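1. fold the stuff below for me.
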Amino acid sequence: MSPRARSLLLAALLVLAVGTSVASAQEGERGPIYVVQEGDTLIAIASRFGTTLEALVDANGIADPSSIQPGMELVVPGFEGVSGVLTFHEVAFGESAAALAMAYHLPLASFEKLNRLVIPGRLYVGQSAVVPEPVSGGAAHARTEFLKEGQGLLEAAVLWDTSPWLISGDSASLWKLAGEPAYIVGGEALPRDLPAGLEQVTIDPLPLVQGRTAVVHAQAPPGTTLSGELADHVLNLVLEDSESGTWVGLQGIYALQTPGLVDFDLRLETDGVERSFRQPVRVIDGGYARETLVGLPAETLDPSNTVPEDKHIAEIVSAFTTERQWSSLFQFPTSYYETFPSRFGTRRSYNGSAYSYYHTGLDLYGNPKTPVLAPAPGRVVFAGPLAVRGNATYIDHGWGVYTGYLHQSEIFVQPGDLVETGDTIGMVGATGRVTGAHLHWEIWVGGVPIDPLEWTEREMP
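-> Numbers count the residues shown, from 1 in each chain. From the prediction side, this is the model:
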């Protein structure tokens, strides 16, 4: 190629590059697009994206702020360099702000601003993250690797069989700290910051609910051991399927847990080496009512009776056995289950006290001629009289799941007995802290009482 031809080609490329840059700048100046949803208001949209009503009106030339309709496209001002229609991505366990920013082609600062992260980089599991709608091939997939002590990015790139320019996460910086995740473009899924081998970690339901059961599933390679914590409680996980490496754990969420974010820790141990990942999960209010009870025996409210008894029961229901006894929905423990005199979680006032108590079980109607039935297979671990709970029975169903039957007039079983669904274990009564005959039925999961109705409606693994 002659020097003149080469000069003309370079000039043409320069014009093309400048034109492309100008077009990109103009597109970026227009800003990202938000599609109005049912129930949206301009004030709510402005608040969500950290802008003002006036700026939103000016950017879109809106004459009447009250006239927006679902489906209308609005330019969101204040996000230079960000374009495209905004959509929502549900954050999975292990997905960080840096990983999602890389996947959706955003600077980390822009991602954090779009999502108004109070704590930079902190996303919770199940969060509805705002991201640009994927175009031309969708979001970028990548695999995640972790630097070792004393390892540079260039050396790591060779070991990972990739180019350092295909490593994203921090502007492809050549300097990273040991243990810091690096995203290698070209993987098969969205990048996550999970330890190698830990896959498909799910929590159900999302968000978590006061007084309900959280079910955790995870997959890990053979030869690994999983453990964890959820909402400050030890999460016991069991290997459900050794071929697929599927682990499962159940944990009750305390009925008085403050709504907001709680930590979920998952640890993986292989060949004596432990790796872990922590991410918050949101807990929402269970919507429990209030009720007042009067005329209760004073001795059943005396801390000298309640404190040691509560401690004794907590020790019983905190033991973990690895054999699951049940295989289907739990059945009701009496024949009266159309209505209930008192439901789980109700905030209570006893004999004029503050509403500082709550109902740890579900009350069912009955009388001393009403049989108490086992709702599922299990082993009796306690049967006897208690000051507050009256004549009580507790059954271990495995995997940290226990049921309790309080205030009975008679008990027909003893510790060590194996029971099957429908077996008669006692009779309804009025012993302990009661105002009349009924059965108080409890279910404990991971050392926490939860709503028994859930286990009659939701089939647990």
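2. so which bits of stretch 348-359 are buried?
-> 348, 350, 357-359 (16 or more other Cβ atoms under 10 Å). Backbone N, C-alpha and C define where each C-beta goes, glycine included.
3. just those residues now: which is nearest Gly245?
-> Tyr358 (38.8 Å; Cβ to Cβ).
4. ok, the closest one - contacts?
-> Listed by Cβ atoms under 8 Å, 6 or more residues apart in numbering, the contact partners of Tyr358 are 255-256, 288, 345-348.
5. those, buried ones only, as a PyMOL selection?
-> A single PyMOL command selects the buried members of the contacts of Tyr358 (16+ other Cβ under 10 Å):
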select buried, resi 255+288+345+346+347+348
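6. show me the contacts of Tyr358 that map onto helices.
-> Applying DSSP state H to the contacts of Tyr358, no entry is found in helices.
7. tell me how far the nearest residue to Gly436 once chain neighbours are set aside lies from Thr224.
-> In space, and not counting its chain neighbours, Gly436 is closest to Ala430: 6.0 Å by Cβ to Cβ, 6 or more residues apart in numbering. Distance, Ala430 to Thr224, using Cβ to Cβ, to the nearest Å: 51 Å.
8. Ile395 now?
-> 32 Å.
9. ok, the two, which is more surrounded?
-> Ile395 (25 against 18; other Cβ atoms under 10 Å).
10. host element of the more buried one?
-> Here Ile395 sits within strand 390-398, counting by DSSP states H and E.
11. tell me which stretches of the stretch 101-250 of the chain form helices.
-> 108-114, 153-159 (DSSP state H, counting those that start in this stretch).
12. lowest-confidence stretch among those helices?
-> Of all these, the minimum mean pLDDT falls on helix 153-159 (a mean of 70).
13. which elements pack onto that one?
-> Under the contact criterion of 3 or more Cβ pairs under 8 Å, 6 or more residues apart in numbering; DSSP states H and E, helix 153-159 touches strand 167-168.
14. quick one: average confidence on the strand it packs on?
-> 62.
15. and for stretch 416-426?
-> Averaging pLDDT along stretch 416-426 yields 98.
16. is Lys311 in a helix, a strand, or coil?
-> What DSSP: H, G, I helix; E, B strand; the rest coil gives for Lys311 is helix.
17. before we move on, the earlier item: and of the helices of the stretch 101-250 of the chain, who's closest to Ser335?
-> helix 108-114 (55.6 Å).
18. quick check, distance from the closest one to the centre of its chain.
-> 23 Å (Cα atoms, centre = their mean, to the nearest Å).
19. check which helices and strands that helix sits against.
-> Looks like helix 108-114 contacts helix 97-103, strand 128-132 (3+ Cβ pairs under 8 Å, 6+ apart).
20. worst average pLDDT in those?
-> helix 97-103 (a mean of 87).
21. and the strands in the stretch 51-200 of the chain?
-> Ranges of strands within the stretch 51-200 of the chain are 73-75, 86-90, 128-132, 142-146, 167-168, 181-185, 199-204, based on DSSP state E, counting those that start in this stretch.
22. and His298, its phi and psi?
-> Let me fix one detail, which is that residue 298 is Ala and not His. phi -60, psi -40 (degrees, to the nearest 10).
23. and what of Leu42?
-> phi -60, psi -40.
24. hang on, it packs against Thr51?
-> No - using Cβ atoms under 8 Å, Leu42 makes no contact with Thr51, being 10.3 Å away.
25. the helix or strand hosting Trp444 vs strand 390-398, what angle?
-> Trp444 is part of strand 439-445 when elements are defined by DSSP H and E. With axes from the mean of the first three to the mean of the last three Cα atoms, to 10 degrees defining the directions, strand 439-445 sits at 30 degrees from strand 390-398.
26. contacts for strand 439-445 next, please.
-> 213, 250-252, 317, 330, 332-334, 360-364, 366, 370, 372, 375, 389, 400-408, 428, 449-452, 454-455.
27. please redo it, this time with the cut-off set to 7 Å
-> 213, 250-252, 317, 333-334, 360-364, 366, 372, 400-407, 428, 449-450, 452, 455 (Cβ atoms under 7 Å, 6 or more residues apart in numbering).
28. picking that back up, mind checking which of the helices of the stretch 101-250 of the chain is nearest Pro77?
-> helix 108-114 (12.0 Å).
29. what's in contact with the closest one?
-> Outside of helix 108-114, the residues within contact range by Cβ under 7 Å, 6+ apart are 50, 79, 81-82, 97-98, 100-101, 120, 130.
30. and for stretch 274-288?
-> By Cβ under 7 Å, 6+ apart, stretch 274-288 touches 93-94, 122, 124-126, 193-195, 203, 207-211, 253, 255, 257, 259-268, 345-347.
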